[in-house]
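# task: produce atomic coordinates for the following.
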Amino acid sequence: MKLLLALLSLLLTFSVLVQSHEAYFGLKTNDNEEFVFKLIKSAEIQKARKILSGKEEYEIHVMGNIKKKQEKYNPNYSFILDPNTIDFFDIGVRICDVTSQKIQDNIDRPCSIASGVQDLQD
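Numbering: from 1, shown residues only. Below you'll find the predicted structure:
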């Protein structure tokens, strides 16, 4: 019984560590600039890695809520994508096709059909 409790405790600790994992990815926007975003959900991290490996071919574009905040991982912009809201999509409406500068000028909830994941930032 003690062994079972110890294993359960270890499993819970491991699940907390897995949930707190983060990864940084870059994307190229329509104006050919790199934008870095942080993922904190393991499902999204796995999906981004599948996109990079070519295993995911459809939901490859990035969307999320904007936060007016500058982070050291994305120093060229005064905004970030909120890691809690980032999602991937396949088809977007034309209104979602924006450049980084348009986002900078109109911070709301942009998404870009040209915002495919380009690389992993370690």
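# now do the same contact list for the closest residue in space to Lys50 that isn't next to it in sequence.
By the measure of CB to CB, 6 or more residues apart in numbering, the closest residue to Lys50 outside its immediate chain neighbours is Glu56, 4.0 Å from it. Placement of C-beta: from N, CA and C, glycine included. The neighbours of Glu56, taking CB atoms under 8 Å, 6 or more residues apart in numbering as the test, are Lys47, Lys50, Phe88.
# pLDDT score for Val98?
Note for Val98: predicted pLDDT of 61.
# name the helices or strands packed onto the helix or strand where Phe35 lies?
Take DSSP states H and E as the rule and Phe35 turns out to sit in strand 34-39. In terms of contacts (3 or more CB pairs under 8 Å, 6 or more residues apart in numbering; DSSP states H and E), strand 34-39 is packed against strand 23-28, strand 80-81, strand 111-121.
# who does the second one touch, helix- and strand-wise?
When contacts are defined as 3+ CB pairs under 8 Å, 6+ apart, strand 80-81 sits against strand 34-39, strand 66-67.
# each with direction, which strands does it pair with?
Using DSSP bridges, the strands paired with strand 80-81 in its sheet are strand 66-67 (antiparallel).
# the first one too?
The partner list of strand 23-28 in its sheet, established with DSSP bridges, is strand 34-39 (antiparallel), strand 111-121 (antiparallel).
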